[in-house]
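[1] Generate coordinates for the sequence data below:
(chains A and B)
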Amino acid sequence: MIRKSALVALSALLALGTAAASHDGPHVSDAQIAHIAYTAGRIDIDAAKQALAKSRNPKVRAFAETMVRDHAAVNDQALALVKKLGVTPEANPTSAALARGAAEKMRSLAALKGAAFDRAYAQNEAAFHGTVNGALEATLIPGASNGELKSLLRTGLTLFREHQGHAEHLAGQLR
Amino acid sequence: MRTAMLRGAVLAALPLLPAPAAAASAVHTVVIDKMRFGPLPANLRSGDVVLWVNKDLFRHSATARDGSFALDLPPKSSGRTIVKRGGSIPFFCKYHPGMKGVLVSH
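    Residues are numbered from 1 along each chain as shown, chains lettered A, B, ... in the order given. As a prediction, the model looks like this:
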């Protein structure tokens, strides 16, 4: 199930990459890129809130608290930037697919308890950050036109790579 | 005899005198930005102060693995720790374990 939701998100992001790369495909605008990045951050905050409501493991809780704080910081910056640039983040099929995949994942995690939940949450965090990082690197950062947006996405990538490593380490400890 | 005694008294008193300026504790700044600890001081000595400046958007910490210091650093904040011993002092950010370094004090 972890794989499935990661795949849903990955295929959505890869589809975006194909569209962005194709001359005939729809152009992916900064407004759409901002929406995708913001959505990914919001998804991870929601996942962390679910973990804080369900988990009693101090390491899992500490990780989730960091996710809430860091992703909120990036999303606050993103909102400030789009406001400054006069850009309205624009909903698009990729962010919709990400949100659908995340909702499905939250439902499956909701059914788990204790150590099984902790393991599944950590594994999904590793997979989700991996997917988002791949998309940032291959598609979203190269596709961004505005320099400040590009720079914020790069900051996000540095942060999320750390999160991915942290999640992988945590998942390894919970195995 | 008396001179020798006096000399002994003077020598015994020496450690109580303030240290000369050259040996005074120094303050070394370590800047944290973009999910990294910046360059670490090369000439650190036991008793020196490390001023940690978090310029990042994110909350970090400077946490010694040996427990000798633990500093919480909200975004755009700074704080000081004292180097209590010589040798290598590994440290990390407790929120982002991939961020780490080693202070080397002489």
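[2] Low-confidence ranges, chain A, go.
    Confidence mapping of chain A against pLDDT under 70 gives the ranges A:1-26.
[3] got the residues of it near chain B?
    Residues of chain A lying near chain B by Cβ under 8 Å from any Cβ of the partner chain: A:62, A:66, A:69-70, A:73-74, A:77, A:155, A:158-159, A:161-162, A:165-166, A:169. Backbone N, C-alpha and C define where each C-beta goes, glycine included.
[4] are any of those residues buried, and which?
    The neighbour-count criterion (16 or more other Cβ atoms under 10 Å in any protein chain shown) marks A:Thr66, A:Arg69, A:Asp70, A:Ala73, A:Val74, A:Thr155, A:Leu159, A:Arg161, A:Glu162, A:His166, A:His169 among these as buried.
[5] Show me which of these is closest to B:Asn54.
    Proximity of those to B:Asn54 (Cβ to Cβ) peaks at A:Ala73, which lies at 12.2 Å.
[6] any idea which element that closest one lies in?
    helix A:58-85 (DSSP states H and E).
[7] roughly how far out does whichever helix or strand comes after that helix sit from the chain middle?
    Proceeding N to C from helix A:58-85, the next assigned helix or strand is helix A:93-110, under DSSP H and E. Helix A:93-110 sits 11 Å away from the centroid of its parent chain (Cα atoms, centre = their mean, to the nearest Å).
[8] Beta-bridge partners for B:His60, please?
    B:Leu73 (DSSP bridges).
[9] Please, where are all the helices along chain B?
    Here chain B has its helices, by DSSP state H, at B:2-13.
[10] In chain B, where is pLDDT below threshold?
    B:1-23.
[11] Run through the residues of it sitting next to chain A.
    B:Lys34, B:Met35, B:Leu57, B:Phe58, B:Arg59, B:Pro75, B:Lys94, B:Tyr95, B:His96, B:Pro97, B:Gly98, B:Met99.
[12] how about the nearest residue to the residue nearest the centre of chain A, chain neighbours excluded?
    Centroid-nearest residue in chain A, with Cα atoms, centre = their mean: A:Ala40, separated by 3.3 Å. Spatial nearest neighbour of A:Ala40, chain neighbours left out: A:Val132 (4.9 Å); criterion: Cβ to Cβ, 6 or more residues apart in numbering or on different chains.
[13] Am I right that the one you found is in contact with A:His163?
    No - counting by Cβ atoms under 8 Å, A:Val132 does not reach A:His163; the two are 9.3 Å apart.
[14] residue contacts, B:Ala70?
    Counting by Cβ atoms under 8 Å, 6 or more residues apart in numbering or on different chains, B:Ala70 makes contact with B:Ser61, B:Ala62, B:Thr63, B:Ala64, B:Lys94.
[15] cool, and B:Phe58?
    A:Arg69, A:Asp70, A:Ala73, A:Leu159, B:Met35, B:Pro75, B:Tyr95, B:His96.
[16] at 10 Å instead, please
    Residues near B:Phe58 by Cβ atoms under 10 Å, 6 or more residues apart in numbering or on different chains: A:66, A:69-70, A:73-74, A:155, A:159, A:162, B:32-35, B:73-75, B:93, B:95-96, B:99.
[17] ditto for B:Pro39
    The neighbourhood of B:Pro39, defined by Cβ under 10 Å, 6+ apart, consists of B:Thr29, B:Val30, B:Val31, B:Gly101.
[18] Narrow those to just the buried residues.
    B:Val30, B:Gly101.
[19] buried residues in stretch B:95-106?
    B:Tyr95, B:His96, B:Pro97, B:Met99, B:Gly101, B:Leu103, B:Ser105.
[20] Please name the nearest non-neighbouring residue to the last one.
    What sits nearest to B:Ser105 in space, not counting adjacent residues and going by Cβ to Cβ, 6+ apart, is B:Leu44, at 4.4 Å.
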